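>>> return atomic coordinates for the entry below.
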Amino acid sequence: MKRWKSTVGVLMILALGAGACTGSSTESGSSALQGINTGNQARDFTLKSLDGSKVTLSDFQGDVVLINFWATWCAPCRTELPDFEGAYQAHKDEGFVILGLNEQEAPQVIGPFVEELGMTYPVLLDEQGQVMGEYRVLGLPTSVLVDRHGVIQVRHTGTLTAAQLESHLTRFLSGE
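This is a model prediction of the structure:
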């Protein structure tokens with residue numbers, strides 16, 4: 001009997017956790033529930049950028065935003081970041097923004113790395129890992145693509161190739 005109660009308790013916790021992580025969206029996407037999964041309205045956040053300014057996700061409403069969680073020690077991150085910079089340069093005038101959220105590293109470590117790679121998009125300091133935790137990032141790199149309505153369209157863990165990113169941008173920059 002005791003084992004059965006434990007099993008039921010675990011199942012209830014899992015069911016409640018699953019419910020907290022899901023949400024629904026409408027066809028327009030404008031009344032999607034706030035969350036972290038595809039179809040959810042992206043959770044808003046404000047972080048300090050590498051240059052000291054405060055950056056808030058909702059300030060980019062109307063733009064297609066790639067939120068990229070990364071670190072200087074992450075080899076796959078180093079692989080994809082130059083492609084991201086190329087995509088940013090190619091599409092920033094079309095309303096494409098990248099917010100590079102660094103995972104808990106010091107600005108004196110991040111600065112030289114950003115300079116070496118020639119990253120010109122905003123690099124944000126998630127100093128306590130708060131946003132990373134809220135978005136339940138379990139591995140680096142992780143990229144979250146948010147459409148012009150603030151709805152998460154893609155969650156990708158691992159290296160996002162230039163071809164994959166371009167495919168997503170073709171779809172979402174055209175207004176689909």
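
>>> going by C-alpha atoms from here, please, whenever you check contacts or count neighbours.
Will do.

>>> could I get the full set of strands for the chain?
Taking DSSP state E as the test, the strands found in the chain are 34-35, 41-42, 46-49, 54-56, 64-70, 96-103, 123-126, 142-146, 152-157.

>>> can you lay out those strands as a markdown table showing mean pLDDT, distance to Leu81 and mean neighbour count?
As requested, the strands of the chain are exported to a markdown table (pLDDT from 0 to 100; distance: least, CA to CA, whole Å; neighbours: other CA atoms under 10 Å):
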| stretch | mean pLDDT | distance to Leu81 | mean neighbour count |
| --- | --- | --- | --- |
| strand 34-35 | 85 | 26 | 20 |
| strand 41-42 | 97 | 22 | 25 |
| strand 46-49 | 98 | 17 | 18 |
| strand 54-56 | 98 | 20 | 15 |
| strand 64-70 | 98 | 9 | 24 |
| strand 96-103 | 98 | 9 | 23 |
| strand 123-126 | 98 | 12 | 25 |
| strand 142-146 | 98 | 11 | 24 |
| strand 152-157 | 97 | 14 | 18 |
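
>>> got those as CSV, with distance to Gln164 columns?
Shown next, in CSV, are these (distance: least, CA to CA, whole Å):
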stretch, distance to Gln164
strand 34-35, 24
strand 41-42, 21
strand 46-49, 27
strand 54-56, 26
strand 64-70, 13
strand 96-103, 15
strand 123-126, 22
strand 142-146, 12
strand 152-157, 10
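
>>> burial count for the nearest residue to Phe172 once chain neighbours are set aside?
Among residues not flanking Phe172 along the chain, Asp147 sits closest, at 6.4 Å (CA to CA, 6 or more residues apart in numbering). If you count neighbours by other CA atoms under 10 Å, Asp147 ends up with 26.
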